[in-house]
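K.L.:
Sequence first, then the predicted structure:
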Amino acid sequence: MTAEAYDTLIECKELCWFCNGFSEDIVKIKDNKEDKLMESFERLMDKLCVMEDRLKEKVDVSEFEELEGKMQKLEESMNLRVEELK
């Protein structure tokens, strides 16, 4: 293996090197954690959707969109001033 190939493999953060018996256990643990994370994410997204639906029933969306536009303009203005000060 060339030094360049070795360096390329070492730089790749997605690759993991383990002994044969050990790697199977790591994959199982990793998969289990990913599954739990996805389940938590899905529950969070479900709750967010419910909150959005409730909010739509209680708030005039046009007022919210107007406020959001003003906030974006304010943020852009602040970013420009920060850049000017640099």
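P.N.:
Thanks, I have it.

K.L.:
next structured bit after the lowest-mean-pLDDT helix or strand in the chain?
P.N.:
The weakest-scoring helix or strand in the chain, judged by mean pLDDT, DSSP states H and E, is helix 20-58 (a mean of 78). Remark: after helix 20-58, the chain's next helix or strand is helix 61-85, criterion DSSP states H and E.

K.L.:
who's in contact with that following helix?
P.N.:
Contacting residues not belonging to helix 61-85 are not present [Cβ atoms under 8 Å, 6 or more residues apart in numbering]. In this view, the C-beta of every residue, glycine as well, is placed from N, C-alpha and C.

K.L.:
any idea of the mean pLDDT in that helix?
P.N.:
Across helix 61-85, the average pLDDT comes to 87.

K.L.:
Report the distance from that helix to the chain centre.
P.N.:
In this view, helix 61-85 has its centroid 23 Å away from the chain centroid, taken as Cα atoms, centre = their mean, to the nearest Å.

K.L.:
cool, and stretch 4-18?
P.N.:
24 Å.

K.L.:
and what of stretch 73-86?
P.N.:
With Cα atoms, centre = their mean as the basis, stretch 73-86 stands 26 Å off its chain's centre.

K.L.:
what about residue 38, how many residues close to it?
P.N.:
Using other Cβ atoms under 10 Å, residue 38 has 10 other residues around it.

K.L.:
change the start of the numbering to 262 and stick with it
P.N.:
Okay, residue one is now 262; in that scheme the one you just asked about reads as residue 299.

K.L.:
That one and residue 309, how far apart?
P.N.:
As judged by Cβ to Cβ, to the nearest Å, residue 299 and residue 309 stand 15 Å apart.
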